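> Give me coordinates for this.
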Amino acid sequence: MNNTRQIKTFIVAMVLAGIGAAGYASFRSHTQHAYLALAVLALAAASSRLKVKLPGINGNMSVNLPFLLTAVVSLSAAEAVVVTGASTLVQCWPRKNGKFNPQQITFNLSMMMFATAFASLLAHAQWLAAIGPEMRTPLSVLLGAAALFLAQTVPVARVVALTEGKPFTKLWKELAQLSFPYYVLSAGVTSMVQASGSHVGWGLTLAVFPVMFGIHRSYRMYFSRMIESMQSEVLIKAAGAGA
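Model (predicted):
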């Protein structure tokens with residue numbers, strides 16, 4: 001089986017997983033939060049356009065994760081999947097003069113729907129109900145963040161490995177190392193929003209947007225310098241080889 005066929009097979013598998021996740025979300029639901037869902041949807045969609053290029057990997061990272069994690073922890077599974085699906089479409093939509101890539105959008109949408117449903121399943125596990133509220137929310141955030149981390153990084157590393165013909169394990173380790181601090185940071189931000197929400201209201205979620213904008217700027221500068229450093233090393237090695 002050549003790489004092209006493997007890529008198509010993997011994308012089909014991801015689509016089926018995404019459809020299964022959507023079906024799961026439609027049957028499994030708890031209390032609906034329409035206004036909060038709309039607010040989180042708007043913020044997740046807006047922040048999804050704030051992307052940074054990952055050095056050494058053919059991929060981008062969006063800074064909408066705290067809003068997606070908030071959706072997983074605070075909303076029903078169906079609402080969380082809708083929020084994730086809409087923000088993913090906004091994230092993948094090509095910029096001006098950009099090319100529309102149906103295959104990439106289909107993969108990203110399916111992967112994110114599956115990741116969200118998986119995260120919601122863990123964040124709202126029945127055994128968490130037996131734990132006191134002081135520990136329940138932090139554990140829900142931790143489990144949701146861990147699920148999103150695995151369900152996003154593993155498929156992305158796999159499809160990049162198939163596309164570029166590189167070792168999957170090496171790619172996943174690189175992707176995990178680059179993105180893990182961001183998942184930890186997002187879990188911390190989400191935990192603070194969850195802890196403060198009952199006291200100051202869910203309007204606090206709005207304050208997270210400028211924070212994520214600042215994080216986007218910091219990541220963009222850091223990764224840009226890393227990419228420049230990597231390019232300089234390549235040029236130095238090329239010059240040395242040609243000497």
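> Now stretch 177-188: buried residues?
L178, S179, Y182, Y183, L185, S186, A187 (16 or more other C-beta atoms under 10 Å). In this view, the C-beta of every residue, glycine as well, is placed from N, C-alpha and C.
> Looking at those residues, which is nearest L109?
S179 (19.3 Å; C-beta to C-beta).
> What helices and strands are in contact with the helix or strand encompassing the closest one?
For S179, the element it lies in under DSSP states H and E is helix 168-200. When contacts are defined as 3 or more C-beta pairs under 8 Å, 6 or more residues apart in numbering; DSSP states H and E, helix 168-200 packs onto strand 60-62, helix 65-74, helix 133-164, helix 204-242.
> what's the third one packed up against?
Read that as helix 133-164. Secondary elements touching helix 133-164 (3+ C-beta pairs under 8 Å, 6+ apart): helix 3-27, helix 65-74, helix 102-123, helix 168-200.
> Next, the angle from that helix to helix 168-200.
Counting by axes from the mean of the first three to the mean of the last three C-alpha atoms, to 10 degrees, helix 133-164 lies at 150 degrees to helix 168-200.
> Same check on the second one?
With the same axes, to 10 degrees defining the directions, helix 65-74 sits at 70 degrees from helix 168-200.
> Just want the angle from the helix or strand that helix 65-74 is followed by to helix 65-74.
Toward the C-terminus, helix 65-74 is succeeded by helix 77-92 as the next helix or strand (DSSP H and E). In terms of direction (the same axes, to 10 degrees), helix 77-92 departs from helix 65-74 by 170 degrees.
> residues of helix 77-92 that come out buried?
For helix 77-92, burial by neighbour count (16+ other C-beta under 10 Å) applies to 77-88, 90-92.
> Mind checking the pLDDT average for that helix?
Averaged over helix 77-92, pLDDT sits at 88.
> what does that helix contact?
21-22, 24-26, 28-30, 32-33, 37, 40-41, 44-45, 47-49, 51, 62, 64, 67-68, 71-72, 75, 101, 104-105, 108-109, 112-113, 115-117, 119-121, 124 (C-beta atoms under 8 Å, 6 or more residues apart in numbering).
> relative to helix 102-123, how tilted is that helix?
150 degrees.
> In CSV, list the C-alpha atoms belonging to helix 77-92.
Once non-C-alpha atoms are left out, helix 77-92 reads as follows in CSV (Å, rounded to 0.1, in the frame of the first residue of the first chain):
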residue,chain,number,x,y,z
ALA,A,77,-21.2,17.1,24.6
ALA,A,78,-23.4,18.2,21.7
GLU,A,79,-22.7,21.9,22.4
ALA,A,80,-19.0,21.2,22.7
VAL,A,81,-18.9,19.4,19.4
VAL,A,82,-20.8,22.2,17.7
VAL,A,83,-18.4,24.8,19.1
THR,A,84,-15.4,22.8,18.1
GLY,A,85,-16.7,22.1,14.6
ALA,A,86,-17.6,25.8,13.9
SER,A,87,-14.2,27.1,15.2
THR,A,88,-12.3,24.4,13.2
LEU,A,89,-14.1,25.5,10.0
VAL,A,90,-13.2,29.1,10.7
GLN,A,91,-9.6,28.1,11.5
CYS,A,92,-9.2,26.1,8.3
